[in-house]
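> Next one to model:
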Amino acid sequence: THKETHKETHKETHKETHKETHKKRRRRRTLRQKLVEAYKGMFRENADVAILIKGYGKPSGVLTQHHYILLGLCIVIVAVVTLGITLTVKGGEEPKPHVVMIIADDMGINDIGYYNHHDDIRTPHLDKMAQEGMRLDKYYGQSICTPARAALFTGRYPYRYGLQGARPILYGAIDGLPLTEDQLLPKIMKEGGYKTHLVGKWHLGYSSWAMTPVMKGYQYFFGMYGGFADYFTHESAEPEGNFAAFDLHEHTLREDGTVVETKAESLQLIKETYNVYSERLFTDKAAEIIKEHDVSVPLFLTVSYMNPHSPLQTLEEDMERVPGQVVNKIRKKFSALMSSLDYGVQQISEALKSKGIYENTIFIFTGDNGGTIQGPDKSDALGGTNFPLRGAKWTVWEGGVRVPAFVRGPGIPANSSTSELFHISDWVPTLARVAGVKPLKELDGVDQMDLLLGEDKESKRRDVILELDPAYHQAAIIRGNFKLLIGEPGAKPYNDIYEPLEGNETWYFENTTYDRTMYSELAAASQAKVDQYIEKVKDPSFNFRNISSAIGEFNAANIRLFDLSSDPSESHDLFTDTGRFRETAKILYDELAERCGEMGELVFFSYRNTDDSYEVLEFENGTKINKWKPWL
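Numbers count the residues shown, from 1 in each chain. Reported below is the predicted structural model:
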């Protein structure tokens, strides 16, 4: 009886145990299935997961339930560890790096030491800083100042605002960056807790206070409204050359959100800065800002130099830094302007080191457009060169839009470079990520921080729209190695490859007397295109967003195609109406056609309201001076 009872008891116990075990297994399967589905949902689109577990117990790239569970456990562990680390950091997060951005004006690809092919430019401090970080070897601006700065500060292509084309803002022009555009880079940085300063050139409009830098996100501004001025007197002539006015201003945004510039303040500024070289003024001001900055607050400092833009005015000490073998007077002065810029960058970096924040500063150096090869007459050739690239400023040839740039800072690998595609508009989303701010508007720029940190080997940017201008019947796009041009890429004098001036040369073009008559003819031809466009717009049937009628049809008369990987100088046009590259060209043409739908109405910076756009100031001794000012 005892034996039978034990047998029955064991049987029942085993039955119950088996039943419980089965229930537990079923619960585990249910939990496991939920985990599998959850992680499949999280990582379904992420190819890196397959790579991460490649070869782990299964053929390459195959994810099993065990893999998902293992991955889930890893994520939980990482999350717990990360939480523990975060809680140990005072304030709950790492301090944001400081950001200093230096902008050079009209600097060609052959006008900086580390790219220079002729040993006639020396920029040792810029070269050293480039070695400390990453060179951007396929970096693009725009063809002239205003569109480049619009892209830099908005993160969007200038054609969206009608600011495209080789048409800079003139003194006395009402137009500028639209008042409705309020998502600028300095405002984003300010929202991220940064103290924002602009020293130097603005060139995005000044007819109303709402257009000026302190109303666009900068809390402090010391610099110039317009495109260029005398390096010593800081005066710039109105477009017709009838008079000049002082263009140097100092504004601080007040607590009530307004800015005031009194006549007394203006007179004092003129007294303190007149005949002081502009690069030294901007450099000293930048160094002063760094010295006085509270390092517990992240700093965003933009220093927008005029160097090496015309006029070719230099200091003797900068001339002494020019390599001795440079004998051409024009090229020598241009080289001195680059030496001056190099000196300014050295002083700013020393100020950062003295403040103890150099290593925690993201330092960005960028050009705006290609180098200028000459000016209005034989005595005023501008001395820049984009060799070995074709073209110059004012064109969409590579020499007009491809510019030097580099970045150094925490996490950016030293002595590195990238040949991945990078556009000047990319700084907005890239720095917005640094600031921890999500831009509200759709951007054309892309976040390139992973590329800069060396975590990505490829750029997230698919292509660059270099131009889309129905007034000049001109468009350009780069995708991969291919570049498509529609229409004439630039005025005829700027379409070749130019080496630096040598000997007693004063201008480049053989069999051409380049004097003010020729300059006037070029200006007149440009204005004629604008006038023709304005007449077209009056016709209700004209659609400026239609690429074939507004810019150019898809045929050999209008289209050029280049492979920049094998032909960076754009010497061999690959396009023919029946050639094997026709399909490639058509894809790029269709992309431009689609982008035409995004264009804003074109802005023409006509010269008007001159009497209102400046004021006359009078010193105690009766001396009078004109000064540009907002007037609307």
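> got the contact list for the spatially most central residue of the chain?
Residue closest to the average C-alpha location in the chain (C-alpha atoms, centre = their mean): I424, at 2.2 Å. Under the criterion of C-beta atoms under 8 Å, 6 or more residues apart in numbering, the neighbours of I424 are Y139, Y140, G141, Q142, A148, A151, L152, T366, D368. Bear in mind the C-beta positions are built from the backbone N, C-alpha and C, glycine included.
> That one and K263: what is the separation?
Taking C-beta to C-beta, to the nearest Å as the measure, I424 falls 37 Å from K263.
> Report how many residues lie close to the nearest residue to L281 once chain neighbours are set aside.
Nearest-residue entry for L281: T273, 5.8 Å, with adjacent residues in sequence omitted and distances by C-beta to C-beta, 6 or more residues apart in numbering. Burial of T273, expressed as a neighbour count using other C-beta atoms under 10 Å, amounts to 19.
> Pull the contacting residues for T273.
Remark: with contacts taken as C-beta under 8 Å, 6+ apart, T273 is in contact with H234, L248, L281.
> want to throw the residues you listed into a markdown table with pLDDT and secondary structure?
Formatted as a markdown table, the contacts of T273 follow (pLDDT from 0 to 100; DSSP: H, G, I helix; E, B strand; the rest coil):
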| residue | pLDDT | secondary structure |
| --- | --- | --- |
| H234 | 96 | coil |
| L248 | 97 | coil |
| L281 | 98 | helix |
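> Select only the buried ones of these in ChimeraX?
Typed into ChimeraX, the line below selects the buried ones among these, using 16 or more other C-beta atoms under 10 Å:
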select :234,248,281
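> mind giving me JSON lines with the contacts of T273 and columns for distance to E620?
As requested, the contacts of T273 are arranged in JSON lines below (distance: C-beta to C-beta, whole Å):
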{"residue": "H234", "distance to E620": "20"}
{"residue": "L248", "distance to E620": "20"}
{"residue": "L281", "distance to E620": "23"}
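> could you point out which element follows whichever strand or helix holds L451?
When elements are assigned from DSSP states H and E, L451 belongs to helix 449-452. Scanning forward in sequence from helix 449-452 by DSSP H and E, the next helix or strand is strand 463-469.
> Weed out the non-buried ones from the contacts of I424.
Using 16+ other C-beta under 10 Å, the buried members of the contacts of I424 are Y139, Y140, G141, Q142, A148, A151, L152, T366, D368.
> my read: the last one touches G141, true?
Going back to what we said before, that points to D368. Yes - judged on C-beta atoms under 8 Å, D368 makes contact with G141 at a distance of 5.0 Å.
> joint contacts of these two?
Between them, D368 and G141 share these contacting residues under C-beta under 8 Å, 6+ apart: A148, V403, I424.
> Return the closest of those with respect to E535.
If you rank these by distance to E535 using C-beta to C-beta, A148 comes first, at 28.8 Å.
> how far away is that closest one from L136?
With distances taken as C-beta to C-beta, A148 is found 15 Å from L136.
> Can you list the helices and strands that the one helix or strand V616 maps to packs against?
Element membership for V616, per DSSP H and E: strand 614-618. Applying 3 or more C-beta pairs under 8 Å, 6 or more residues apart in numbering; DSSP states H and E, one finds that strand 614-618 contacts helix 263-273, strand 624-628.
> Pull out the buried positions in the longest one.
So that's helix 263-273. Counting neighbours by 16+ other C-beta under 10 Å, the buried set in helix 263-273 is S266, L267, L269, I270, T273.
> ok, so of those, who is nearest E535?
Distances from E535 to the buried residues of helix 263-273, taken by C-beta to C-beta, are shortest for S266, at 41.7 Å.
> I'd like to know how many residues surround the residue nearest to V403 when sequence neighbours are not counted.
Take V403 and drop its neighbours on the chain: the residue closest to it by C-beta to C-beta, 6+ apart is G367, 3.2 Å away. Burial of G367, expressed as a neighbour count using other C-beta under 10 Å, amounts to 26.
> same question, the one 4 residues further on
Other residues lying near G371 total 30 when counted by other C-beta under 10 Å.
> Please report how far it lies from S349.
Distance of G371 to S349, given as C-beta to C-beta: 24 Å.
> got it, and A264?
When distances are taken as C-beta to C-beta, A264 and S349 turn out to be 36 Å apart.
> The nearest residue to L269 once chain neighbours are set aside: which element?
The shortest distance from L269 to any non-neighbouring residue, by C-beta to C-beta, 6+ apart, is to E250 (5.8 Å). Element membership of E250, judged by DSSP H and E, is strand 249-252.
> starting at the chain centroid, how far to that strand?
The chain centroid and the centroid of strand 249-252 are separated by 24 Å under C-alpha atoms, centre = their mean, to the nearest Å.
> Next, the contact list for Y614, please.
Under the criterion of C-beta under 8 Å, 6+ apart, the neighbours of Y614 are A245, N626, K627, W628, K629.
> Quickly note the distance from it to K629.
6 Å.
> Ok, T302 next?
Between T302 and K629 the distance, using C-beta to C-beta, works out to 22 Å.
> Which of the shared contacts of D368 and G141 sits closest to R580?
Minimum separation from R580 among the shared contacts of D368 and G141 (C-beta to C-beta) is found for V403, which lies at 32.3 Å.
> Need phi/psi at the closest one.
Summarising the backbone geometry of V403 under the convention degrees, to the nearest 10, its torsions are phi -130, psi 160.
> Let me see the contact set for it.
Applying C-beta under 8 Å, 6+ apart, one finds that V403 lies in contact with M107, G108, I109, Y139, Y140, G141, T366, G367, D368, N369, G370.
> hmm, 7 Å instead?
Contact analysis of V403 by C-beta atoms under 7 Å, 6 or more residues apart in numbering lists M107, I109, Y139, G141, G367, D368, N369, G370.
> pretty sure D444 is touching Y159, no?
No - here D444 lies out of contact with Y159, judged by C-beta atoms under 7 Å, at a distance of 9.6 Å.
> more neighbours, the two?
A count of neighbours by other C-beta under 10 Å puts Y159 above the other of D444 and Y159, at 25 against 22.
> tell me which residues of stretch 533-551 are tucked away?
Those buried within stretch 533-551 under the rule 16+ other C-beta under 10 Å are Y533, K536, V537, F544, R545, I547, A550, I551.
> just stretch 620-628 next, same as before
Judged by neighbour count using 16+ other C-beta under 10 Å, the buried positions of stretch 620-628 are I625, N626, K627, W628.
> swap in stretch 586-598?
Here stretch 586-598 shows L588, Y589, L592, A593, R595, C596 as buried, counting by 16+ other C-beta under 10 Å.
> and of the residues you listed, the nearest to L198?
Nearest to L198 among those, counting by C-beta to C-beta, is R595 at 30.1 Å.
> Distance check, that closest one against I486.
If you go by C-beta to C-beta, the gap between R595 and I486 works out to 12 Å.
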